[in-house]
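1. Attaching a predicted model along with its sequence, questions to come.
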Amino acid sequence: MTPLGLKLRQMRDERGVTLKDMAKALRVSSAYLSALEHGRRGKPTFALMQKIIAYFNVIWDDAEELQRLAEMSDPRITIDTAGMPPEATELSNRLARDIAKLAPEDLAYLSTEVARRVK
């Protein structure tokens, strides 16, 4: 599941909205919406995100948070380390190979540490 998928699922659950009803309102298939929630589809288009924001009637900070989550929810990423130090290539390959072995708390720690260091 992607960060956006988790948030969409939470918002649907809080509002008692079925996947089928939301998909119909957004004019997408329920299969697509399910795949989006489960991380089997890439990040949605800007237009679809605007429909989702309108559907849930969220404003300002909540809308920005949904957009941010969409940007961070591509389940199939590519990292180009050409021209970077060898450590960047090694780290990228290590993550690609071992990320599934990390516990959620380890992933949270690494994410926070990276964010802290790139500010």
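-> Looks like it came in fine.

2. Just the helices from this structure, written as ranges.
-> Taking DSSP state H, the helices of the chain run over residues 3-15, 19-26, 30-38, 46-56, 60-71, 86-98, 104-117.

3. Next one: the residue nearest to the spatial centre of the chain relative to T81, how far apart?
-> The chain has S73 as the residue nearest its centroid, 2.1 Å off, counting by CA atoms, centre = their mean. Per CB to CB, to the nearest Å, S73 is found 22 Å from T81. The way it works is simple: take the backbone N, C-alpha and C, and place the C-beta from them, glycine included.

4. what about the nearest residue to I79 once chain neighbours are set aside, how many neighbours?
-> Nearest residue to I79 in three dimensions, chain neighbours excluded: S92, at 4.4 Å (CB to CB, 6 or more residues apart in numbering). For S92, the number of neighbouring residues by other CB atoms under 10 Å comes to 16.

5. ok, A31 - contacts?
-> By CB atoms under 8 Å, 6 or more residues apart in numbering, A31 lies in contact with nothing.

6. Need the per-residue pLDDT for it.
-> On the pLDDT scale, A31 is placed at 96.

7. And the one 5 residues further on, by the same measure?
-> For L36, the pLDDT comes out at 93.

8. My guess is it contacts P3. True?
-> No. The pair formed by L36 and P3 falls short of the contact definition of CB atoms under 8 Å, at 11.8 Å.
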